[in-house]
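Chemist: Below is the structure, and that's it, no one-letter string:
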């Protein structure tokens with residue numbers, strides 16, 4: 001089972017470098033090979049909106065690989081059909097990163113393609129993605145209006161020309177997403193889960209998780225991300241479908257998650273607004289870590305069970321015995337508790353639904 005490296009904080013550049021160093025990512029680059037960085041630039045939106053990959057993830061990758069002798073680096077991406085890639089890259093601040101480090105940015109909408117046989121039939125894929133010595137997938141973990149979740153596997157859809165993206169939607173997304181990932185198969189994935197949106201790929205309702213994680217199996221990382229969002233396998237079926245097609249292994253356990261620091265190393269959760277405020281009206285927060293609070297927010301959103309119990313979360317509840325549901329190790333004294341540091345949204349959803357029916 002592949003390892004998952006995880007870190008908490010807000011500095012995307014520093015967090016990325018630490019993840020790459022801990023995992024010895026440079027060993028994945030073939031001798032004399034190139035590295036292509038594939039972020040998520042679905043629209044011309046800022047990373048703070050929860051839609052796109054933080055520019056610091058790119059700069060961290062570039063600095064790390066440069067320091068380890070990689071000279072041929074590039075950033076590749078093609079925004080969705082309704083937006084211009086170059087407009088999106090400037091909005092996300094990638095133009096400044098590419099200029100600073102002298103790294104070219106390639107709009108895949110203008111790239112040549114090759115037809116590849118897949119489990120969903122022939123798919124036209126951009127050559128710069130296919131020919132990279134090491135394709136590095138840099139997705140955002142966030143919600144999606146059609147597929148519920150998007151992360152490492154679906155982010156590869158940006159490696160297609162617009163005509164193929166339209167074809168994917170005509171095929172229903174699930175099968176072609178799985179089939180594409182099984183043949184393109186990135187060998188390194190760095191997931192930006194600092195503030196992914198709750199339920200929409202365009203952003204607008206970001207949830208401040210202050211978390212990033214890295215691995216080498218895109219199927220496994222999507223299965224892990226699905227759990228962090230409180231979703232079930234049936235909610236995101238393309239994960240297991242990709243496993244069936246030979247794209248990776250969906251299995252993971254807490255034992256193979258390597259924590260580089262502690263959730264308390266990230267800032268406390270900011271004051272909620274909008275959708276998040278409505279979801280947390282019964283939540284008593286006192287010095288909660290971002291990762292723990294975000295897991296609760298995602299669970300409340302996913303469960304939709306109308307939970308009316310009082311919920312307690314944060315380090316300020318340590319040693320106290322509130323009457324209600326405690327979230328995380330700090331609230332172990334509550335009358336009921338979901339343990340973990342932080343617990344997954346999946347575990348919180350299970351507890352909320354159990355309490356609803358009891």
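Modeler: The structure has been received and is ready for your questions. Just so we're clear, the structure is a prediction, and the values are computed from it rather than from any experiment.
Chemist: Look up which helix or strand residue 155 falls in, please.
Modeler: Counting by DSSP states H and E, the element that carries residue 155 is helix 152-155.
Chemist: could you say what helices and strands that helix packs with?
Modeler: strand 134-138, helix 174-184, helix 218-228, helix 238-244 (3 or more C-beta pairs under 8 Å, 6 or more residues apart in numbering; DSSP states H and E). Quick note: C-beta positions are derived from backbone N, CA and C, even for glycine.
Chemist: Identify each buried residue in that helix, please.
Modeler: Neighbour-count burial for helix 152-155 flags 152-155 (criterion: 16 or more other C-beta atoms under 10 Å).
Chemist: what's that helix in contact with?
Modeler: Helix 152-155 is contacted by residues 38, 40, 137-140, 144, 147, 177-178, 181, 186, 189, 191, 218-219, 221-222, 225, 238-239, 242, 247 when judged by C-beta atoms under 8 Å, 6 or more residues apart in numbering.
Chemist: show me what contacts the one residue sitting closest to the centre of the chain?
Modeler: When C-alpha atoms, centre = their mean is applied to the chain, the residue found nearest the centroid is residue 141 (2.4 Å). Residue 141 sits next to 149-151, 191-193, 196, 209, 225, 228-229 when contact means C-beta under 8 Å, 6+ apart.
Chemist: now, the most widely separated pair of the residues you listed?
Modeler: 150 and 209 (15.0 Å; C-beta to C-beta).
Chemist: next structured bit after the worst-scoring helix or strand of the chain on mean pLDDT?
Modeler: Here the helix or strand of the chain ranked lowest by mean pLDDT, DSSP states H and E is helix 275-279, holding a mean of 75. Beyond helix 275-279 in the direction of the C-terminus, DSSP H and E gives the next helix or strand as strand 283-285.
Chemist: And that next one, what does it pack against?
Modeler: Strand 283-285 packs on strand 311-313, going by 3+ C-beta pairs under 8 Å, 6+ apart.
Chemist: average pLDDT across the helix or strand just after the strand it packs on?
Modeler: For strand 311-313, the succeeding helix or strand toward the C-terminus, using DSSP H and E, is strand 325-327. The average pLDDT for strand 325-327 rounds to 91.
Chemist: who touches strand 325-327?
Modeler: With contact meaning C-beta under 8 Å, 6+ apart, strand 325-327 is reached by 292, 295-296, 309-313, 317, 332-338, 343, 348, 351-352, 355.
Chemist: could you redo the last one with a cut-off of 6 Å?
Modeler: Outside strand 325-327, the residues that touch it by C-beta atoms under 6 Å, 6 or more residues apart in numbering are 296, 309, 311-313, 334, 336-338.
Chemist: do the same with stretch 25-38
Modeler: With contacts defined as C-beta under 6 Å, 6+ apart, stretch 25-38 is touched by 58, 61, 65, 68, 70, 72-76, 132-138, 187-188.
Chemist: Repeat the analysis, applying 7 Å as the threshold.
Modeler: Contact partners of stretch 25-38, identified using C-beta atoms under 7 Å, 6 or more residues apart in numbering, comprise 58, 61, 65, 68, 70, 72-77, 128-129, 132-138, 155, 158-159, 187-188.
Chemist: coming back round to it: quick one: least confident of the contacts of strand 325-327?
Modeler: Within these, residue 309 has the lowest pLDDT, namely 77.
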